[in-house]
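Chemist: fold the following for me, if possible:
(one chain, ligands or ions: 2)
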Amino acid sequence: MPAIDKSQVAELLDEIAILLELKGENVFKSRAYRTAARAIESMPEDLARLVAEDRLDSIAGIGSALRQKITELVTTGRLPYHEELRASFPPGIFDLLQLPGLGPKKVKILHDQLQVSDIDALEAACQDHRVAALAGFGAKTEANLLLGIDQRRHYRGQHRYGDVYALAESLVDDLRQHPDVIRASVAGSLRRGKEVLKDLDLLASSANPAAVMDAFVALPGIERVTNHGETKSSVLFGNGLQCDLRVVSDTEFPYALHHFTGSKEHNVALRQRAIGQGKRLSEWGLFLEPERAKKIEGAELPSGEPTLIVCRTEEEIFADLGLQYVPPELRENLGEIEAAEAGTIPRLVEWTDLKGTFHCHTVASDGRHTLQEMADAAAELGLAYLGIADHSKSSFQANGLSEERLLAQHREIAALNASRDDIRLFTGVECDILKDGVLDFPDEILAACDYVVASVHAGFTAPEEEMTRRVIRAMENPYVTMLGHATGRLLLRREPYAINLEKIIDCAAETGTWIELNANPYRLDMDWRWWRKARDRGVRCVINPDAHGIDDYGYLRVGTQIARKGWLRREDVANTRTLAEITALLQEKRNRR
Ligand SMILES: [Zn+2]
Ligand SMILES: [Zn+2]
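Modeler: Ligands and ions are numbered 1, 2, ... in the order given. So this is what the prediction gives:
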């Protein structure tokens, strides 16, 4: 049995807290579970060891009843208390909790007063305006709930890249371990770095496909096998993700990998090119058509069959078609084939190019780890510098910092910088862009920071023109180094706010403001479709994890793939610079004034 990790324990404790609220239990009881969840999540020690050595009581915030439950959960992997609690509610209740604006308190009211226990019942109740009539709800809430239900339908069957790639990598690893597998890879939209996927495509080569298929459908974590064929199988994972594995011969592998990576548009364009050269490209191979073969070989081929052009890799397929290799991220038929023909496919940024990052939170606002812990983990990852950007005071829901607390953090950072030379910390702030583009802190406070991330966190419903004006005004401030999450979108959860990115990019170019590529898998904002244009306007990208804990540094990898999808090179990304270079670069905009 795989060991249950800290974040899974924390998640389960949080769920118990919600269930207790749904039951209408005393608030202190659910709060105790939440406190314990936070304590578990942020403790540096190994949880399994702590439990094995019976030292849970050394963690503040965990009482004796909870200690017992956590011990049971960690040692057996199960918690009957949680299972019974969960079973006492209709399953549809949990879907209701996923809707924006519905917390346990409101769900309880809906359940108790309108007997609403699933999404369909809620929709009917909203349409009859029974929800608006409830105390604490109103017509606006009702309209928002209907909107949320609509969006949820629209998002169903889709998955965020960030929720899938770790699973995909472990599946490919498992396949590669199999003695009958020669090569294995992810394919499809995941390989192309699409931010949202419908399913996961895997490809393997083998001389014994049946054995590989049998092993695949038996992998752990699979909820249901929907198709178990000889060369193709499909399985469903618990989160509703469908995963298809195809097995081909090793000769066919490069052609199949190219074909199943897509996109459809790219494949069509490449096939056209092949036809123009008297060749045929398909998932089975790249073939020289007989008439053409005759001309080239100067000899009659006996069967008149097309001849396979042997390519051992995708690189060789592109080369045979007279093209530079096109990295999977660029295969959208958005100019990559023309660029490959001209030999102008750039060397795209790689995540190992990143030397540091900005936009990281600590426990001072809504992060899970201390300044010291964030610095230690970044240093361990090999980063040379780290920018700390906690929330500013208007983000009170995220425990935003007052001027005094921010300046106190600066002193703490100065002391840390004085005491270590493995990593350099920069003082920053994620400063709210308020109504009319006013910043949450006066210029003298912003000037006291090494850099400033400016972000919109409220007033998302403003019309496009107003929002654009608001953000442009903030970017015109000489102390705003970079714009945070440019559209505020949360993938599969919240649509972007209305903003004219064309104008934002122009303003960034004119003012020398960097635009963040927020690498949080929910955001991946600014969207990859805009980066090539921004790059060509001379706008600098900065890949930031928006880290709220040390594990979030891993998002840098996701963000880098999105940057690659946006055609960004190393030189386009500010945080590929060395410490000395970035120190100067952070002053660039300020020196312009
Ligand atoms: Zn933010
Ligand atoms: Zn943030």
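Chemist: thinking residue 171 is in contact with residue 244, fair?
Modeler: No - look at residue 171 against residue 244 with Cβ atoms under 8 Å: they stay out of range, at 11.2 Å. Every C-beta, even on glycine, is put in place using the N, C-alpha and C of the backbone.
Chemist: so which of these two has more stuff around it?
Modeler: Legend: neighbour count by other Cβ atoms under 10 Å for residue 171 and residue 244, higher for residue 171 (22 against 18).
Chemist: quick one: residue 499 is in a strand?
Modeler: No - read with DSSP: H, G, I helix; E, B strand; the rest coil, residue 499 is coil and lies in no strand.
Chemist: what residue is smack in the middle of the chain?
Modeler: residue 521 (1.4 Å; Cα atoms, centre = their mean).
Chemist: need the contact list for the nearest residue to that residue once chain neighbours are set aside.
Modeler: Take residue 521 and drop its neighbours on the chain: the residue closest to it by Cβ to Cβ, 6 or more residues apart in numbering is residue 162, 2.0 Å away. For residue 162, the contact set (Cβ atoms under 8 Å, 6 or more residues apart in numbering) comprises 520-522, 524, 555, 558.
Chemist: which one of the residues you listed has the most neighbours?
Modeler: Going by other Cβ under 10 Å, residue 524 tops the contacts of residue 162 with 28 neighbours.
Chemist: I'd guessed that one sits against residue 487; true?
Modeler: No - the pair residue 524 / residue 487 is not scored as a contact, 10.3 Å apart, by Cβ under 8 Å.
Chemist: what segments of the stretch 451-593 of the chain are strands?
Modeler: 453-455, 482-483, 514-518, 541-544 (DSSP state E, counting those that start in this stretch).
Chemist: quick one: which of the ones you listed is nearest ligand 2?
Modeler: strand 453-455 (6.6 Å; Cβ to the ion).
Chemist: partner strands of that closest one, with direction?
Modeler: Based on DSSP bridges, the pairing partners of strand 453-455 within the sheet are strand 424-432 (parallel), strand 482-483 (parallel).
Chemist: got the residues of the stretch 451-593 of the chain near ligand 2?
Modeler: Selection of the stretch 451-593 of the chain residues close to ligand 2 by Cβ under 5 Å from the ion yields residue 546.
Chemist: pull out the buried residues from stretch 214-233.
Modeler: For stretch 214-233, the neighbour count (16 or more other Cβ atoms under 10 Å) marks 215-217, 233 as buried.
Chemist: mean confidence for it?
Modeler: Summarised as a single mean, pLDDT over stretch 214-233 is 92.
Chemist: just the CA trace of that stretch, in PDB.
Modeler: C-alpha atoms of stretch 214-233 as PDB (Å, rounded to 0.1, in the frame of the first residue of the first chain):
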ATOM      1  CA  ASP A 214      -2.300  -6.800 -19.700                       C
ATOM      2  CA  ALA A 215       0.200  -5.000 -17.500                       C
ATOM      3  CA  PHE A 216      -1.300  -1.600 -18.400                       C
ATOM      4  CA  VAL A 217      -4.900  -2.400 -17.400                       C
ATOM      5  CA  ALA A 218      -3.600  -3.800 -14.100                       C
ATOM      6  CA  LEU A 219      -1.700  -0.600 -13.100                       C
ATOM      7  CA  PRO A 220      -2.700   0.800  -9.600                       C
ATOM      8  CA  GLY A 221      -5.100   3.800  -9.400                       C
ATOM      9  CA  ILE A 222      -7.200   2.600 -12.400                       C
ATOM     10  CA  GLU A 223     -10.900   2.800 -11.500                       C
ATOM     11  CA  ARG A 224     -12.400   1.100 -14.600                       C
ATOM     12  CA  VAL A 225     -11.100  -0.600 -17.700                       C
ATOM     13  CA  THR A 226     -13.300   0.600 -20.600                       C
ATOM     14  CA  ASN A 227     -11.500  -1.200 -23.400                       C
ATOM     15  CA  HIS A 228      -8.900  -4.000 -23.300                       C
ATOM     16  CA  GLY A 229      -7.800  -4.600 -26.800                       C
ATOM     17  CA  GLU A 230      -4.800  -6.200 -28.500                       C
ATOM     18  CA  THR A 231      -3.000  -3.000 -29.400                       C
ATOM     19  CA  LYS A 232      -5.200  -0.300 -27.800                       C
ATOM     20  CA  SER A 233      -6.700  -0.100 -24.300                       C
END
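Chemist: please consider this matter closed, and thank you.
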